[in-house]
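Enquirer: this one's structure only:
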Ligand code: AHM
Ligand code: MG
């Protein structure tokens, strides 16, 4: 046994150590966000473990049925939702939760109430679960994304606290349950990625200070909707395939799971743009403002990119309903700049974060 190597591993930057370090930069911080993030991390580990057993669970009984032990098997998205609701309420740091799986917002009972509002999609892209057969060789595309706001008045929280623009968020992240389990997080000071080490049960910092290239080589969109797109989206995609400025055509990559699509573009250093535009059938696009568009827009801006709705900076949107949808174009700075110009919106969008 290599004890020296083992000893060296204790020096690893775990997510707990990282978040505590971040906290120490803010002397006024009371540690609430650290505790909350720890509970989110715990939820992610639990879901990761359930996702990795999904194929096996299917062998012994379909989701929604009873397995050989007579236990009821829950669908992964239902299970993930329960895991996060429990983890978040038991943290004692939340007052309102909004989940894609729940029609209504959840108001945490006063004895367990804290300052934070957490909006989340417990298992995004869950339609991709059933094809995750060979874990370790094929990227698995179930993801969980979350966004966190601070409530103005924790004693009397209301929906008004939730329906605020994305630029009020204090942290955002996603966890991707792929060939490895990766958690990407920003607390407003850049973007960092952590990979779960199954032997330690800890997320270790593996991708520090993630930056998206200024100009990208990839575009991600569901081209099956092309006949219903508006002129601007059609023109942009045409330019990706047949550039007129002598540059090379861009590559199309589309998994159909937003986090996996954005994660690849963020990590592989090619840069690019992910879009879910409006179309004739879905004038507001498909993705939900609070727990899909906002967290990803926050992360992309923090990584040096931009996020745009077709009209304005995505993080400046003020939603009217908790499950509201919005078109979104997010990714490399120059690519988003191009689509903004096609929509006639020049550099006038305020970008609260530096490039
Ligand atoms: P979901 O929340 O029901 O899983 O839907 C969201 C997902 C995104 O991850 C992805 O970008 C999009 O739906 C794909 O939609 P489509 O199949 O229309 O291309
Ligand atoms: Mg979703």
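Expert: Okay, I see it. Please read all numbers here as calculations on a predicted model, not as lab measurements. Numbering: from 1, shown residues only. Ligands and ions are numbered 1, 2, ... in the order given.
Enquirer: does ligand 2 sit close to the helix or strand containing residue 174?
Expert: Element membership of residue 174, judged by DSSP states H and E, is strand 171-177. No. Remark: strand 171-177 sits outside contact range of ligand 2, by Cβ under 5 Å from the ion, the gap being at least 10.9 Å. To be clear about C-beta, it is placed using only N, CA and C from the backbone, and glycine gets the same treatment.
Enquirer: for that strand, list every residue counted as buried.
Expert: For strand 171-177, burial by neighbour count (16 or more other Cβ atoms under 10 Å) applies to 171-177.
Enquirer: same question, stretch 248-257
Expert: 250, 253, 255, 257.
Enquirer: near ligand 1 too, which of those residues?
Expert: Filtering the buried residues of stretch 248-257 for proximity to ligand 1 by Cβ under 6 Å from any ligand atom leaves residue 257.
Enquirer: quick one: which of the buried residues of stretch 248-257 is nearest to ligand 2?
Expert: For the buried residues of stretch 248-257, the closest approach to ligand 2 (Cβ to the ion) belongs to residue 257, at 8.8 Å.
Enquirer: the closest one contacts residue 125, doesn't it?
Expert: Yes. Using Cβ atoms under 8 Å, residue 257 makes contact with residue 125 at a distance of 2.9 Å.
Enquirer: do the strand holding residue 174 and ligand 1 meet?
Expert: No. Taking Cβ under 6 Å from any ligand atom as the criterion, strand 171-177 and ligand 1 are apart, separated by no less than 10.4 Å.
Enquirer: and that strand, what does it pack onto?
Expert: Using 3 or more Cβ pairs under 8 Å, 6 or more residues apart in numbering; DSSP states H and E as the contact test, the elements touching strand 171-177 are helix 32-52, strand 142-150, strand 181-186, helix 258-267, helix 294-302.
Enquirer: could you redo the last one with a cut-off of 10 Å?
Expert: Where contact means 3 or more Cβ pairs under 10 Å, 6 or more residues apart in numbering; DSSP states H and E, strand 171-177 is packed against helix 15-24, helix 32-52, strand 113-124, strand 142-150, strand 181-186, strand 192-197, helix 258-267, helix 294-302.
Enquirer: let me see the backbone angles for residue 240.
Expert: phi -60, psi -40 (degrees, to the nearest 10).
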